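Student: generate coordinates for the sequence data below:
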Amino acid sequence: MSWTYQQLRAVYGPPPRRLAEPCRVGAIQAAVAHYYDISVRTMLAKDNRPEIVHPRHVAMFLARSITGKYLTALGKLFGGRDHTTVLSAIRKIERQLVSDPVLADDVKRLREYLEAAQ
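Tutor: As a prediction, the model looks like this:
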């Protein structure tokens, strides 16, 4: 232990225990892939078919809203995509949530599942 750490510990006591860690991006990707019946590998691939893109966008939206990670970090975790791609996906899902009750229900169910799994 460093001298500084010892001094801080003497004054403030031991460091606080970490609160429950927020849901990890990998868990979000797995939950969304399972929900839409595709593999995580397929979701992260360079595939632009709508049945693959939609779950990827939902996963990006949930990953950003739950974890708060930077767009660049999320882009790397979603197959090396650019941060503007992630931003575009998030905005698209935000727009669709307003007008698509089925999507809103899907996102709500996924969010509840992920929060319960923590």
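
Student: just the CA atoms of stretch 96-106, as PDB, please.
Tutor: Extracted as PDB, the C-alpha positions of stretch 96-106 are listed here (Å, rounded to 0.1, in the frame of the first residue of the first chain):
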ATOM      1  CA  GLN A  96     -39.700   4.600 -33.300                       C
ATOM      2  CA  LEU A  97     -40.500   4.200 -29.600                       C
ATOM      3  CA  VAL A  98     -42.900   7.100 -29.900                       C
ATOM      4  CA  SER A  99     -45.000   5.600 -32.700                       C
ATOM      5  CA  ASP A 100     -44.500   1.800 -32.400                       C
ATOM      6  CA  PRO A 101     -46.200   0.300 -29.300                       C
ATOM      7  CA  VAL A 102     -44.800  -3.200 -30.100                       C
ATOM      8  CA  LEU A 103     -41.300  -1.900 -30.100                       C
ATOM      9  CA  ALA A 104     -42.000   0.000 -26.900                       C
ATOM     10  CA  ASP A 105     -43.200  -3.200 -25.300                       C
ATOM     11  CA  ASP A 106     -40.200  -5.200 -26.500                       C
END
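
Student: and the host helix or strand of residue 61, what's buried?
Tutor: Take DSSP states H and E as the rule and residue 61 turns out to sit in helix 50-67. Along helix 50-67, these residues count as buried under the neighbour rule (16 or more other CB atoms under 10 Å): 52, 54-64, 66-67. Yep, even glycine has a C-beta here, placed from its N, CA and C like the rest.

Student: go on, stretch 77-89?
Tutor: Buried residues in stretch 77-89, defined by neighbour count with 16+ other CB under 10 Å: 77, 78, 81, 85, 86, 89.
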